[in-house]
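>>> Sequence plus the predicted model coming up.
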Amino acid sequence: MDFKKLKRHAKNYLNTGVVQSNDTESNQHVFVANLFGFIGYSITFLMGVSAFIREDRLLGMVLLIACLLFFSSHLILRSKRITDPYKFSANLVTISLMMLMIYLVFTGGVKGTGPLWIYIVPPVALFFGGMRKGTRNIGLFVLVISVLMFYPNNEWLGTTYTFEFKSRLIYSFLTVSCLFAFYEYVRQSSFIRIQEMSQKFEKQAMRDPLSGLLNRRGMRVKLQDEFERSQRYNNELTVMMCDIDNFKRVNDQYGHDKGDEIIKSLGAVFKSGLRRQDSLARWGGEEYLFLLPETNGSQGMQLAEKLRTKIEKEQYTHEYKNFSVTVSIGLHQIVVTDTINQAITKADTNLYKAKEQGRNRCIIS
Ligand SMILES: Nc1nc2c(ncn2[C@@H]2O[C@H](COP(=O)(O)OP(=O)(O)OP(=O)(O)O)[C@@H](O)[C@H]2O)c(=O)[nH]1
């Protein structure tokens, strides 16, 4: 088998149970669960076989049982019948690991070196359980091994340790646990911060910075969603293209800043006249695109007229003089044969007609 094939197999294996729609954090956990399960059953298998060779049958059996449990955690991730396979698998890995460690502390493992393995517990418990559950599990684990080790006269141990060894084992274990808990805390909070920032940037990429409305990119996403929905449920859907009349003159007369203020203000006026399910975007310089789900042409026309008259009455001031602007609107009720671009072009054509017929009016096909 060549290296590339081996790499692909390893990747597929480690991605068992990864769900495409899940967030990166959940999938990372599934990936690590597979990796840990793999390391867990490989090592316990080798150690189990080695224990049998040394004729330590009991240790060999325990290690092979642990190996089976680690392997089951991988099989669980493949299961389609279990509701939350990751949770089940992660709990199985953590509990099996802790039981194995308790056993190693109890028996001493090979020549009293068994307790050296307990340092695997903190990273695994914290990674799979998170801060709260992980810390609680580590606390329980320390309690159990402390009781076993410090019970008078070593009565609850299958081996003997010196007092110095036991106490230093617990101190060092607690130190490692605290460091891992701190690390997990920093990792988790950084991850949350990065996720929040990425959501914020994603939102910003869909918005027009001047008006705060959707930009073309954001509107394209809405158009696609609503278009598909209207076709699936046979719902009425209307698009409306609106343009400020003679805006060049407004800019020339009152300045670009005033022009910007008007673009922003019109967006807010339009928005206040829409329903929650409607979408509004700044489609171009002084052009707005409306998407009106569950709205037919005549309902769209009523809304367009309402908005047009509202804008007409809106007053702006420049150097103590009041003035107003008007808008022209072109509408189109989408039909089944339309593509998104065709629907927009038809609304645009109607807008052009409205401009031609003298502006400050609404036209529908
Ligand atoms: N202030 C401001 N002006 C803009 C912005 N984007 C586009 N414009 C201006 O809007 C004007 C649009 O002018 P035209 O396309 O000639 O159309 P109009 O003057 O509105 O005339 P009609 O559309 O035919 O009624 C141009 O002068 C652009 O510079 C913007 O973000 N801010």
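Nice, I can see it. Numbering: from 1, shown residues only.

>>> which residues touch residue 17?
Residues counted as contacts of residue 17 (Cβ atoms under 8 Å, 6 or more residues apart in numbering) are 30, 33, 34, 77, 78, 85, 86, 89. The C-beta positions use only the backbone N, C-alpha and C, and glycine is treated the same way.

>>> if we go to 6 Å?
For residue 17, the contact set (Cβ atoms under 6 Å, 6 or more residues apart in numbering) comprises 30, 77, 85.

>>> The first one: how many residues sit nearby?
Summarising burial for residue 30: neighbours were counted as other Cβ atoms under 10 Å, giving 21.

>>> what about it, which helix or strand?
Per DSSP states H and E: residue 30 is located in helix 24-53.

>>> Give me the buried positions along the helix or strand just after that helix.
For helix 24-53, the succeeding helix or strand toward the C-terminus, using DSSP H and E, is helix 57-78. For helix 57-78, burial by neighbour count (16 or more other Cβ atoms under 10 Å) applies to 59-60, 62-67, 69-74, 76-77.

>>> Quick check: next helix or strand after helix 57-78?
Following helix 57-78 in sequence, per DSSP H and E, is helix 85-107.

>>> quick one: contacts of that following helix?
17, 30, 33, 62, 66, 69, 73, 76-77, 79, 82, 114-115, 117-118, 121, 124-125, 128, 141, 144-145, 148, 158.

>>> after that helix comes which helix or strand?
Past helix 85-107, the next helix or strand by DSSP H and E is helix 121-150.

>>> Tell me the one of the buried residues of helix 57-78 nearest the ligand?
Comparing these against the ligand with Cβ to the nearest ligand atom picks out residue 77 as the nearest, at 52.5 Å.

>>> can you tell me how far the closest one sits from residue 126?
The spacing between residue 77 and residue 126, counted by Cβ to Cβ, to the nearest Å, is 20 Å.

>>> Please identify the buried residues of stretch 197-209?
Result for stretch 197-209 [16+ other Cβ under 10 Å]: buried residues 206, 207, 208.

>>> for residue 185, what are its contacts?
Contacts of residue 185 (Cβ under 6 Å, 6+ apart): residue 131.
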